[in-house]
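J.: Need coordinates for the following:
(chains A and B)
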Amino acid sequence: MATAAAIAPFRVGLKELYLPDFSVVLHRTPGLPAHNAKFTVPLWFSKLDLRDYLYHAYNVRILSVRSYVKQQRIIEGDPKNPRPQPNRWHRPRALKHMIVELEQPFVWPEEPEDYSAWNREEVKDSEAEQKKYGELMQPMGDAVVNEERRKSMREQAKALLEGRQKWKPTTSRSVGSMLSR
Amino acid sequence: MATMHCTSRALLTGAFGSAFHRSSTLPPSFLIPCLATKSPASPFSTSPSSNARKDGNPSRGVSALHHTGPGKRQKLRSITPSQLPQPVRDPERRTAIVTDPDHGLWGFFNKERTSMPTPMDLVNHGRGWKTQELRGKDWEDLHRLWWVCVKEVNRLETFLGEKRRVGSMFGDFEAEGRMKVIYATQKAIREVLTQRFYAWENARVAAMDDVEVNLYADPEKGEQAYVPREEPEQLEADANEGTLLYSPPPPEGMNRGPEVRI
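T.: Numbers count the residues shown, from 1 in each chain, chains lettered A, B, ... in the order given. Reported below is the predicted structural model:
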């Protein structure tokens, strides 16, 4: 890397940084050509910082950089916290993205054929279940109609009226069951 | 295709004029008056047209960005329009871009160079470095290890970003576990460097009081920083003599100065 630093294609800054504590994220951009790459960088980053970072850390040479700051929408509570925190509205910190023009093209690896290693089906099913039960927790939760129960009740009523089934008192499963024998 | 501003007369002469010379098809009889070179023409509107916007620019309306094509005054002398290269619109017919195997951006991916590591791959890690293990490492090695950690964090964040794009899959918990190990290593590195600095600082402070040490010595001129005294120091007989806890008290009336930290 010493030789790479000696022949940097741009004027290297004099400020030395030790033990950096930030991350730079590379994104897949199917809409952009192969010579472009998109990164999410810290909000205080500049185009010169990214050029320096990519050169010294990854030995990637670039021709130009474009940057934009994307404001985040306001959210309730902490998305990482599983416990819901209602009415704690706030706007998370904005994100800074930089799109870079590379000297050498880079094509992302292909997506895997099936996501069985990541168990996608199970997660999708669990999310659907969570959504269903989440609807009941909403303020309008008691207005949610359980169609299956309705159908079952209709069938039971029909069976009783047609005489296929005889009415029996429901066995109570509550605490007082020992008393109400 | 280029949008041309032309009159019906020009269209017809273009369409039929060239065709007339190449093939021997004659235009229909009712169109013969249109082909007259000097047909009477007058503008539809009788109000005078203002030439306020006419700037006399021969290239007005010609744009490469908006694909207008060459204007009437533009003369392509090197090639004809038919010789211009056509873009390959079908993606399958385009030449495939080959990524250099030594490209620097592969540093954002795992060794197998797949788009995403599986949860089993993510969980496949050991524990982080401990402070005791890092104490023996030198400055360069510690900083190299720090950067290894930084690049691994970038790799994990890239995976999380791609996972967010695809959606609904496992991998968060495993990536978080891996990140915790990396943060533990980084914390240990910081701890070792901090302890080293404190030890150096304590040594410097002790050296300022020490008579045997000359902090202003210039090694290039051959001056010695540590000049031990000839006679051994006579320590007073004390109950604590010989133990590590005993240290001689500083001489009284000595000006400690602003630099000495207690």
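J.: from here on, contacts and neighbour counts on C-alpha atoms
T.: OK.
J.: Which of the three states applies to the residue nearest the centre of chain B?
T.: Central residue of chain B (CA atoms, centre = their mean): B:Leu105, 9.7 Å from the mean position. State at B:Leu105, reduced to three classes by DSSP: H, G, I helix; E, B strand; the rest coil: helix.
J.: was I right about it contacting A:Tyr55?
T.: No - taking contacts as CA atoms under 8 Å, B:Leu105 lies outside contact range of A:Tyr55: 10.5 Å.
J.: if you average pLDDT over the helix or strand harbouring A:Tyr68, what comes out?
T.: For A:Tyr68, the element it lies in under DSSP states H and E is strand A:62-70. Averaged across strand A:62-70, the pLDDT comes to 98.
J.: quick one: strands adjacent to that strand?
T.: According to DSSP bridges, strand A:62-70 forms sheet pairs with strand A:95-102 (antiparallel).
J.: buried stuff in the strand it pairs with?
T.: Residues A:96-102 are the ones in strand A:95-102 that count as buried (16 or more other CA atoms under 10 Å in any protein chain shown).
J.: Then stretch B:188-196?
T.: Buried residues in stretch B:188-196, counted by 16+ other CA under 10 Å: B:188-193.
J.: Run through the helices of the stretch 151-262 of chain B in chain order.
T.: Taking DSSP state H, counting those that start in this stretch as the criterion, the stretch 151-262 of chain B contains helices spanning B:172-209.
J.: ok so, going back, name the residues that touch the strand holding A:Tyr68?
T.: Contacting residues not belonging to strand A:62-70 are listed as A:43, A:47, A:51, A:94-103 [CA atoms under 8 Å, 6 or more residues apart in numbering or on different chains].
J.: secondary structure class for B:Asn110?
T.: coil.
J.: That one against B:Arg155, yeah?
T.: Yes - under the criterion of CA under 8 Å, B:Asn110 makes contact with B:Arg155 at 7.3 Å.
J.: Compare these two and say which is more crowded by neighbours.
T.: B:Arg155 (23 against 17; other CA atoms under 10 Å in any protein chain shown).
J.: Give me the below-cutoff pLDDT ranges for chain B.
T.: When residues are selected by pLDDT under 70, those of chain B lie in B:1-24, B:36, B:39, B:50-53, B:231-262.
J.: Any part of the lengthiest helix in chain A near chain B?
T.: Using DSSP state H, we find that the single longest helix of chain A is helix A:120-137. Yes - residues of helix A:120-137 contacting chain B under CA under 8 Å from any CA of the partner chain: A:120-121, A:123-124, A:127.
J.: got the contact list for that helix?
T.: A:141-142, A:144, B:168-170.
J.: hmm, 10 Å instead?
T.: A:114-116, A:141-145, B:166-170 (CA atoms under 10 Å, 6 or more residues apart in numbering or on different chains).
J.: Out of these, which comes closest to B:Ser29?
T.: Closest approach to B:Ser29 among these (CA to CA): B:Val166, at 67.3 Å.
J.: who's in contact with the closest one?
T.: Contacts of B:Val166 (CA under 10 Å, 6+ apart): A:111, A:120, B:160.
J.: Just give me the closest of the buried residues of strand A:95-102 to B:Thr25.
T.: Comparing those against B:Thr25 with CA to CA places A:Glu101 closest, at 55.8 Å.
J.: residues in contact with the residue lying closest to that closest one once chain neighbours are set aside?
T.: Here the nearest residue to A:Glu101 in space, its sequence neighbours aside, is A:Asn36; by CA to CA, 6 or more residues apart in numbering or on different chains that works out to 4.6 Å. Residues near A:Asn36 by CA under 10 Å, 6+ apart: A:29, A:62-65, A:99-107.
J.: Can you go through those and name the buried ones?
T.: For those, a burial check counting by 16+ other CA under 10 Å picks out A:62, A:65, A:99-102, A:104-107.
J.: Look up how far chain A lies from the residue nearest to the centre of chain B.
T.: 7 Å (CA to the nearest CA, to the nearest Å).
J.: for B:Thr131, same thing?
T.: Using CA to the nearest CA, B:Thr131 is found at 16 Å from chain A.
J.: ok, that residue - contacts?
T.: Counting by CA under 10 Å, 6+ apart, B:Thr131 touches B:184-193.
J.: Recalculate using a threshold of 7 Å.
T.: Contact partners of B:Thr131, counting by CA atoms under 7 Å, 6 or more residues apart in numbering or on different chains, are B:188, B:191-192.
J.: on that earlier part again, could I have the buried ones of the contacts of helix A:120-137 as PyMOL selection syntax?
T.: Here is the PyMOL command that selects only those of the contacts of helix A:120-137 that count as buried (16+ other CA under 10 Å):
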select buried, chain B and resi 168+169+170
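J.: between the contacts of helix A:120-137, which is closest to A:Lys166?
T.: A:Val145 (27.3 Å).
J.: Report pLDDT for that closest one.
T.: On the pLDDT scale, A:Val145 gets 93.
J.: Quick check: residues of the stretch 101-250 of chain B near chain A?
T.: Contacts of the stretch 101-250 of chain B with chain A, taken as CA under 7 Å from any CA of the partner chain, map to B:104-105, B:107, B:114-115, B:118-119, B:146, B:153-154, B:157-158, B:161-162, B:168-171.
J.: Give me the secondary structure label for the nearest residue to A:Val12 once chain neighbours are set aside.
T.: Leaving aside its sequence neighbours, A:Val12 sits nearest to A:Asp52 (CA to CA, 6+ apart; 7.3 Å). Classification of A:Asp52 using three-state DSSP returns helix.
J.: hang on, A:Leu95 packs against A:Leu43?
T.: Yes - at 6.4 Å, A:Leu95 counts as touching A:Leu43 under the criterion of CA atoms under 7 Å.
J.: before we move on, the earlier item: what about the residue nearest to A:Val12, how many neighbours?
T.: A:Asp52: 21 surrounding residues under other CA under 10 Å.
J.: and what of A:Met140?
T.: Residues lying near A:Met140 (other CA under 10 Å) number 9.
J.: Could you check how far it is from chain B?
T.: Distance, A:Met140 to chain B, using CA to the nearest CA: 27 Å.
J.: excluding its backbone neighbours, what's nearest A:Phe22?
T.: Closest to A:Phe22 by CA to CA, 6+ apart is A:Pro42, at 6.9 Å.
J.: hang on, that neighbour packs against A:His97?
T.: No - at 8.7 Å, A:Pro42 does not count as touching A:His97 under the criterion of CA under 7 Å.
J.: Just give the nearest non-adjacent residue to A:Val24, would you?
T.: Nearest one to A:Val24, counting by CA to CA, 6+ apart, is A:Val41 at 5.0 Å.
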